[in-house]
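**Q** Sequence first, then the predicted structure:
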Protein chains: 2
Amino acid sequence: MTVQDIRAFNRFYTNVIGALDYSRQLYAPYTLTESRVLYELAHSPRTDAADLRTELSLDAGYLSRILNKFEQDGLIERTASARDPRRRRVTLTARGRETAALLAERADESVGALLATVPSADRPRLSEAMRTVRTLLSDGRPPRREDVLLREPRPGDLGWIVARNAALYAAEYGFNADYEGLVARIVADFAEDHDPHLERVWIAELDGRPVGCVMCVRDEAPATARLRLLLVEPDARGLGIGDRLVAAVVDFARGVGYRDLVLWTNDVLAAARRVYQRHGFVLAAEKPHRSFGRDLNGQDWRLDLTGAVG
Amino acid sequence: MTVQDIRAFNRFYTNVIGALDYSRQLYAPYTLTESRVLYELAHSPRTDAADLRTELSLDAGYLSRILNKFEQDGLIERTASARDPRRRRVTLTARGRETAALLAERADESVGALLATVPSADRPRLSEAMRTVRTLLSDGRPPRREDVLLREPRPGDLGWIVARNAALYAAEYGFNADYEGLVARIVADFAEDHDPHLERVWIAELDGRPVGCVMCVRDEAPATARLRLLLVEPDARGLGIGDRLVAAVVDFARGVGYRDLVLWTNDVLAAARRVYQRHGFVLAAEKPHRSFGRDLNGQDWRLDLTGAVG
DNA sequence: CCCGGATTCTTGACTCAGTCAGAGATATCG
DNA sequence: CGATATCTCTGACTGAGTCAAGAATCCGGG
């Protein structure tokens, strides 16, 4: 049950944050809230009091008093906002920036002490996990198409293709271990010997992690390319990644002079089929077969690259 | 810089926790601290006041007052501890358990609302990431040998072997993409056709994630087995995982009747070499070669399985 | 242009979570 | 037995954060 996981994590992390300020000296002579305000001022370019209030969810009266104190201490200056005289524009003075830097340094130290307890080999995993939590809980801001990047594979990405193909098809369609072998074979053939001008792999990346892939290789038939291993992670579907991957293959194949683009798939893969159809592929043949521990309908699809574009 | 990552995460998570109690009704008629005490009472079997104090880092006077309030409300009973009359044993009444359950339910609801903003496809990743953060920051409790489990590969694990071999050797020794091809070939050969009685793969698992692997396959020479693809993740090294994997192969090979166990490695892999030596392997041949974009010294090692054990 | 309602900030008054110090009772150690 | 430490409780206090009222200003509708 994920709710319990989250609550356990909340209790745990409340303690972590509490422990960071064990000495009660972290923010002196200010409070946690005051230092959050100072941080916000130091890091966001234009700040009216109202922005601070909404950003940090503070009570208006409370914030007003905090700003009074900051002004007395010479950390900020308050002027009327240009576009709305009710609003107060707040700007840090040089001294305010110094103080913010000092507090930041102390926080760095304290966090550094915590980090020192983590073996350095584990730190990348920690960063990664924290980033995952943040992006997933960031009020569900759905990832946008522009966040997806197509790129060449890097070391480990071919293995990722094998792993994710195997795991996903096992989970979604009950394919057995034979499928992992097939994918590994395809990947091995590609890695050991391919003409980079005529054969290529694309990785779709979202927030720094791979979420999709596709491969284009030469087919036995002359002037024919074959599209293989199209895959999009479930949690990244609906962003048009499949379309972009297929489009990349089609453009590439046409660009380097192939006349035909073919692919083999199975009728259970409905979502992929729709992608192929959108790009003009037509069903050329269909044949039942038993593979990967299941009875399947294999399909050959074909796209004529010499025809009119679009 | 990881310190900045952590601080960013702290700021972020402070807001998350704050947002959970947006209505200020979560704990009514109690406070956050009071409900933490109640939670602790409901979840740990025997609790003296002193235990609560240390567990939750509370002021003694503050806790005393909280317990007064609970007693007045009929949530707890206080008796003298048997072994030390200064200490007060605190036990929940039926009503106290009810109240704790009620608060827990409300917290569940609130967290549930948060969780509802996360697409269900992402939830396993969220749990996983939270668990990672927790285990890594849990005051550095180092994983123990007993936490490591050897098991058969599951769908995706063979791909994991390819990915991690490629990524680690690229990072640590600068191997190029050829190496990923080689590993994919080995894995593909294994997956497509292997005799489970004579050939096998082991995955080492720590806290539910794979951290190591090894493969045992038949060699061309008669009655000879070959150990391949020994790998341990950097952050899981020092737990004797390499030893256990090699031991698994040696035992298996001897058990099914092989007379020799051979392996090929390179002299740059010093840590692995020591593991092999500990298990009685002896260097049979050494030859320089150029592979994976580097000049290397390949080594053939051999272990006679028919000799005396141990 | 003016009116009503909403928004922004400020201030006074308050609550109550949490801290600190002292005292009584009891354990532990020499 | 005496000295010292520990556990709990109470009184007295601090100060972080909340609530409500009011002044200034904006905005939309007649």
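**A** All right, it came through fine. The shown structure was predicted, so the numbers you read here are calculated from the model rather than taken from an experiment.

**Q** I would like the residues contacting stretch A:2-9, please.
**A** Outside of stretch A:2-9, the residues within contact range by CB atoms under 8 Å, 6 or more residues apart in numbering or on different chains are B:107-108, B:111-112, B:114-115, B:123, B:126-127, B:130-131, B:133-134. Glycine gets a C-beta too; all of them are placed from N, C-alpha and C.

**Q** one more time with 7 Å, if that's ok
**A** Stretch A:2-9 is contacted by residues B:107-108, B:111-112, B:115, B:123, B:126-127, B:130, B:134 when judged by CB atoms under 7 Å, 6 or more residues apart in numbering or on different chains.

**Q** how about the residues of the stretch 1-150 of chain A near DNA strand D?
**A** The stretch 1-150 of chain A comes close to DNA strand D at residues A:31-33, A:58-62, A:65, A:84-86, as judged by CB under 7 Å from any atom of the strand.

**Q** helix/strand/coil for A:Asp295?
**A** State at A:Asp295, reduced to three classes by DSSP: H, G, I helix; E, B strand; the rest coil: strand.

**Q** list the contacts for it?
**A** Shown in contact with A:Asp295 (CB under 7 Å, 6+ apart): A:Pro288.

**Q** Figure out how far stretch A:57-67 is from the centre of its chain.
**A** Relative to its parent chain, stretch A:57-67 has a centroid offset of 36 Å by CA atoms, centre = their mean, to the nearest Å.

**Q** scratch that, stretch A:30-48
**A** Its chain's average C-alpha position is 28 Å from that of stretch A:30-48, according to CA atoms, centre = their mean.

**Q** and what of stretch A:182-190?
**A** 26 Å.

**Q** What strand or helix carries the residue of the stretch 101-250 of chain A at minimum distance from DNA strand D?
**A** As assessed by CB to the nearest atom of the strand, DNA strand D sits closest to A:Leu103 within the stretch 101-250 of chain A, at 14.7 Å. Assigned by DSSP states H and E, A:Leu103 belongs to helix A:94-116.

**Q** Report the contact partners of the closest residue to A:Glu233 other than its chain neighbours.
**A** Leaving aside its sequence neighbours, A:Glu233 sits nearest to A:Val211 (CB to CB, 6 or more residues apart in numbering or on different chains; 4.3 Å). The contact partners of A:Val211, by CB under 7 Å, 6+ apart, come to A:204-205, A:232-233, A:236, A:241.

**Q** Distance check, A:Val211 against DNA strand C.
**A** 39 Å (CB to the nearest atom of the strand, to the nearest Å).

**Q** That residue: what secondary structure?
**A** At A:Val211, secondary structure determined by three-state DSSP is strand.

**Q** Looking at it now. What's its pLDDT?
**A** For A:Val211, the model assigns a pLDDT of 94.

**Q** what do you get for the one 4 residues further on?
**A** Predicted confidence (pLDDT) at A:Met215: the value is 97.

**Q** do the same with A:Ser127
**A** Listed pLDDT for A:Ser127 reads 87.

**Q** Report all helices and strands that the helix or strand where A:Val133 lies contacts.
**A** In the assignment (DSSP H and E), A:Val133 maps to helix A:123-137. Contact here means 3 or more CB pairs under 7 Å, 6 or more residues apart in numbering or on different chains; DSSP states H and E; on that basis helix A:123-137 packs against helix B:2-20, helix B:123-137.

**Q** May I have it as CSV, with CA atoms only?
**A** Below are the C-alpha coordinates for helix A:123-137, written out as CSV (Å, rounded to 0.1, in the frame of the first residue of the first chain):
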residue,chain,number,x,y,z
ARG,A,123,25.3,9.3,-3.5
PRO,A,124,24.3,9.3,-7.1
ARG,A,125,21.5,6.9,-6.2
LEU,A,126,20.4,9.3,-3.4
SER,A,127,20.3,12.3,-5.7
GLU,A,128,18.4,10.3,-8.3
ALA,A,129,15.9,9.0,-5.8
MET,A,130,15.3,12.5,-4.4
ARG,A,131,14.8,13.9,-7.8
THR,A,132,12.3,11.1,-8.6
VAL,A,133,10.3,11.9,-5.5
ARG,A,134,10.3,15.6,-6.3
THR,A,135,9.2,15.3,-9.8
LEU,A,136,6.5,12.7,-9.0
LEU,A,137,5.1,14.7,-6.2
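
**Q** Can you mark which positions in it are buried?
**A** For helix A:123-137, the neighbour count (16 or more other CB atoms under 10 Å in any protein chain shown) marks A:123, A:125-137 as buried.

**Q** what's the answer for stretch A:83-95, then?
**A** In stretch A:83-95, counting by 16+ other CB under 10 Å, buried: A:88-90, A:92.

**Q** and if you look at stretch A:194-210?
**A** Neighbour-count burial for stretch A:194-210, counted by 16+ other CB under 10 Å, picks out A:194, A:199-206, A:210.

**Q** Stretch A:55-69 now?
**A** Those would be A:56, A:58, A:63, A:66-67, for stretch A:55-69 by 16+ other CB under 10 Å.

**Q** same question, stretch A:183-197
**A** Result for stretch A:183-197 [16+ other CB under 10 Å]: buried residues A:183-191, A:194.

**Q** which residue packs closest to the residue in the stretch 151-300 of chain A that DNA strand C sits nearest to, ignoring adjacent ones?
**A** Closest to DNA strand C within the stretch 151-300 of chain A is A:Asp207: 32.3 Å, counting by CB to the nearest atom of the strand. Once flanking residues are discounted, A:Asp207 sits nearest to A:Thr135: 5.9 Å by CB to CB, 6+ apart.

**Q** Per-residue pLDDT of that neighbour, please?
**A** Looking at A:Thr135, the pLDDT reads 84.

**Q** Same check on the one 10 residues further on?
**A** On pLDDT, A:Arg145 comes in at 83.

**Q** Output the helices and strands packed on helix A:123-137 as TSV; include the columns distance to B:Arg290.
**A** Below are the helices and strands packed on helix A:123-137 laid out as TSV (distance: least, CB to CB, whole Å):
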stretch	distance to B:Arg290
helix B:2-20	37
helix B:123-137	39
